[in-house]
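In: Give me a 3D structure for the following:
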Amino acid sequence: MAVRAGESLSAVDLFDAKHESQSTLISNIQRLLEINNTVEDEGTSGTIRARFSDISNLTPAARYSQSINVAEMEWALYVCTSMKEDKKYFSVYLEMMSKNIPKPWLSPVHCTFMLLSQNSEKKRKTLKAVFSSEIHPSWGLRKFINFEDLVRESNGYVKDDSILLQMDLTVFPKK
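Out: Coordinates of the predicted model:
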């Protein structure tokens, strides 16, 4: 509602303008919820829970979990270490293991990595990415946690030189 200089709005005009603005906002929120519910309904989900042992000797070489089938494709979790300057980090990745998929293949994927602690706390990071059969068969977090923090006894992540990781994965069809 446009108002010229020197004019004023009546209480009714102000109410109508406010009501119109609120109606537009409510309509936009409803549309976003519908879109979000549609996406959530159309996604295919799975969870990998894996124990990795001999953590004190973890290197940059990848160590893989068992794979799971989500959205008719095989997915696995892998861990390794990485260095940034003089700091060592624990790295965690999701990899699409399927080899016989149509190329090129692209799909939105949401995954949440959780490092489970014996102290009942979780280190959680979420990654949203578009996976590609040719460009990026794996995605992850190179610096998920500082390695010293990982092995620090008070954090409770390592027990008997092993850790527990969980990854929740949702694959959405490309529209």
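
In: is residue 163 in a bridge, and if so with what?
Out: residue 52 (DSSP bridges).

In: show me the contacts for it.
Out: 51-52, 55, 115-116, 150, 157 (CB atoms under 8 Å, 6 or more residues apart in numbering). Glycine gets a C-beta too; all of them are placed from N, C-alpha and C.

In: so can I have TSV of these showing distance to residue 165, secondary structure and neighbour count?
Out: Shown next, in TSV, are these (distance: CB to CB, whole Å; DSSP: H, G, I helix; E, B strand; the rest coil; neighbours: other CB atoms under 10 Å):
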residue	distance to residue 165	secondary structure	neighbour count
51	8	strand	12
52	7	strand	20
55	11	helix	20
115	6	strand	22
116	7	strand	18
150	11	helix	20
157	10	coil	25
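
In: Kindly reformat those residues as JSON lines containing pLDDT and distance to residue 92.
Out: Formatted as JSON lines, the contacts of residue 163 follow (pLDDT from 0 to 100; distance: CB to CB, whole Å):
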{"residue": "51", "pLDDT": "95", "distance to residue 92": "14"}
{"residue": "52", "pLDDT": "96", "distance to residue 92": "10"}
{"residue": "55", "pLDDT": "95", "distance to residue 92": "12"}
{"residue": "115", "pLDDT": "88", "distance to residue 92": "8"}
{"residue": "116", "pLDDT": "85", "distance to residue 92": "12"}
{"residue": "150", "pLDDT": "91", "distance to residue 92": "11"}
{"residue": "157", "pLDDT": "88", "distance to residue 92": "12"}
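
In: Now do stretch 43-63: everything it contacts.
Out: With CB under 8 Å, 6+ apart, stretch 43-63 has contacts from 65-71, 75-82, 90, 93, 110, 147, 150-151, 158, 160-172.

In: In strands only, show me those.
Out: 68-70, 75-82, 90, 93, 110, 162-171 (DSSP state E).

In: Show the buried residues in the residues you listed.
Out: Neighbour-count burial within the ones in strands among the contacts of stretch 43-63 applies to 68, 70, 75-81, 90, 93, 110, 163-171; the criterion is 16 or more other CB atoms under 10 Å.

In: what about this structure, any weak spots by pLDDT?
Out: For the chain, the stretches flagged by pLDDT under 70 are 1-41, 102-105, 120-136, 174-175.

In: okay, now the domains of it?
Out: 10-42, 44-171 (automatic domain parsing).

In: tell me the angle of the helix or strand encompassing residue 95 relative to strand 162-171?
Out: Here residue 95 sits within strand 87-96, counting by DSSP states H and E. Relative orientation of strand 87-96 versus strand 162-171 (axes from the mean of the first three to the mean of the last three CA atoms, to 10 degrees): 40 degrees.
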